[in-house]
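**Q** would you be able to build a 3D model of this:
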Amino acid sequence: MPPTPPEVELTFTAAQGIVEEWEDQGAFWARLADLFKRGLVRRPAAREVLPPTPVAELPLTSAEMAAEEWGPGHALWTWLTAVLAGHGPDRMSPVRLASHAAVVLVTLLAVLLSRMELPRWDLTLPVVAAEDQAVSVPVAEPLFAPADDESAPLLGDDFLARSAVPYTIIPERARLDPVTYTVQAGDTVIGIAARFKVSPDTVMWANGRLEDNPDLLKLGQQLIILPVSGVLHTVEKNDTVESIAKKYKATPDAVFNFGWNGLNKDNYTLQVGQRLIVPGGTKPYVERVAHAYNGPTPKGAKRGTGLYVWPASGTVTQKFWTRHKGIDIGAPTGAAVKASDTGFVAAAGWSNVGYGYYIIIDHGNGDQTLYAHLSRILVEVGQSVGKGARIGSVGNTGNSTGPHLHFEIRRQGVPRNPYGFLP
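**A** Below is the predicted model:
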């Protein structure tokens with residue numbers, strides 16, 4: 001038989017060294033080494049043994065140099081890489097190794113979950129009963145029961161509860177009783193009515209002379225404000241609920257059903273002087289009688305053109321409506337007030353009906369203009385004025401809640417909406 005090549009002899013020698021290392025690991029590895037030894041080392045029955053050939057010392061490879069530098073750790077790293085590559089002592093493949101690692105991870109996860117306390121849910125399944133059989137179904141208790149102490153934020157060691165919030169939204173409730181309101185600076189009848197959610201007529205009907213002229217409103221004045229739009233009626237002799245309702249174009253049931261009146265439909269008695277609220281009622285309007293200036297026309301007085309200009313600069317704070325026969329122009333005290341059209345001064349001075357200092361200009365064509373609540377009057381009665389000429393200054397005199405000019409246009413004695421004449 002041919003002799004064994006030197007490189008094969010070297011492989012056998014290395015294998016024997018590895019086997020000797022495995023034999024030190026225990027009985028298991030000893031048996032495995034024995035099997036490996038018998039299967040790996042098979043030499044020919046007779047072969048010529050050549051004398052050893054002297055081999056020149058070769059320089060160390062980079063791997064061997066790294067092994068010497070790393071020390072014992074390199075041997076462990078080499079063993080791990082061999083196992084992962086499937087070259088270990090038991091030829092374990094990477095797939096098998098991964099399956100073993102997965103089993104270990106699942107086991108650890110099961111141990112961790114067994115130590116956790118999960119909440120208990122009481123679930124009740126629907127029960128289907130026969131038509132002739134009654135079945136009582138238990139009602140599941142709520143998962144989170146309220147704590148004995150409402151202020152406690154925790155229901156248990158592991159549950160949070162919603163804390164009480166010390167803020168409550170109270171819905172707006174309908175007002176049933178009349179209230180008293182004190183007029184403030186800048187107030188108007190329309191503004192007060194809007195604040196209390198009633199109609200402007202309701203405010204005026206309930207407050208005496210204010211019904212005739214909203215400009216009678218003055219600072220500090222006490223106003224009665226009804227809870228609903230309607231009329232406040234004072235009972236007179238021979239009044240009945242039916243007659244009162246008919247007078248204000250309402251129904252008797254509206255009067256009976258309003259709680260503040262305190263009336264029993266089947267048995268009621270009205271006392272003279274008693275006050276009743278008629279919800280939704282309307283008070284008949286009594287027209288104001290106006291008298292145009294009938295004095296002599298001054299010599300040289302010019303006739304008006306019928307084309308009007310704004311008498312002051314500012315913001316319209318109150319418009320023309322049923323109970324307000326002009327417009328209010330908000331402006332600072334002392335601002336110029338000018339004649340809206342050519343004419344002559346028919347009246348000037350102090351008014352006893354709430355206008356304060358005022359001026360009336362007659363335009364000689366059936367029209368007159370009124371300027372009220374002035375702080376100064378710069379013209380005299382009978383004086384001829386041209387369109388745009390300054391006749392006074394804005395003020396806060398008379399029944400006024402702030403500096404403004406009250407301006408009216410009257411045609412043949414009838415108040416007209418200035419918006420229909422101004423540019």
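**Q** strand partners (parallel or antiparallel) of the longest strand along the chain?
**A** Among the elements of the chain assigned as strand by DSSP state E, the one spanning the most residues is strand 367-377. Under the criterion DSSP bridges, strand 367-377 sits next to strand 357-362 (antiparallel), strand 390-394 (antiparallel), strand 404-411 (antiparallel) in its sheet.
**Q** show residues contacting the second one.
**A** Residues from elsewhere that reach strand 390-394 (CB atoms under 8 Å, 6 or more residues apart in numbering): 312, 314, 331-339, 345, 357, 359, 361, 371, 373-379, 385, 403-405. Placement of C-beta: from N, CA and C, glycine included.
**Q** buried stuff in that strand?
**A** 391, 392, 393, 394 (16 or more other CB atoms under 10 Å).
**Q** residue 322: which of those is nearest?
**A** In terms of CB to CB, no member of those lies closer to residue 322 than residue 394, at 25.6 Å.
**Q** and residue 311, how far is that from residue 328?
**A** Distance of residue 311 to residue 328, given as CB to CB, to the nearest Å: 12 Å.
**Q** tell me the first helix or strand C-terminal of the longest strand of the chain.
**A** Following the chain from strand 367-377 toward its C-terminal end, the next helix or strand by DSSP states H and E is strand 384-385.
**Q** for that following strand, packing partners?
**A** Identification of packing neighbours for strand 384-385 by 3 or more CB pairs under 8 Å, 6 or more residues apart in numbering; DSSP states H and E yields strand 343-350.
**Q** ok so, going back, anything in contact with each of residue 311 and residue 328?
**A** Listed contacts common to residue 311 and residue 328 are 405, 407; contacts here mean CB under 8 Å, 6+ apart.
**Q** follow-up on the earlier one: which one of the buried residues of strand 390-394 sits closest to residue 230?
**A** For residue 230, the closest of the buried residues of strand 390-394 turns out to be residue 394, at 36.3 Å, with distances computed as CB to CB.
**Q** what is the burial count for residue 337?
**A** Here the number of neighbours of residue 337 (other CB atoms under 10 Å) works out to 28.
**Q** got it, and residue 228?
**A** In terms of burial, residue 228 registers 21 neighbours under the definition other CB under 10 Å.
**Q** wait, it touches residue 198, no?
**A** Yes: with contacts counted by CB atoms under 8 Å, residue 228 reaches residue 198, the gap being 6.7 Å.
**Q** on that earlier part again, redo the buried residues of strand 390-394 as TSV? Include distance to residue 318 and pLDDT.
**A** Listed next are the buried residues of strand 390-394 as TSV, based on distance: CB to CB, whole Å; pLDDT from 0 to 100:
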residue	distance to residue 318	pLDDT
391	22	95
392	20	94
393	20	94
394	15	95
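**Q** mind putting those into JSON lines with distance to residue 353?
**A** Compiled in JSON lines, the buried residues of strand 390-394 are given as follows (distance: CB to CB, whole Å):
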{"residue": "391", "distance to residue 353": "20"}
{"residue": "392", "distance to residue 353": "18"}
{"residue": "393", "distance to residue 353": "21"}
{"residue": "394", "distance to residue 353": "20"}
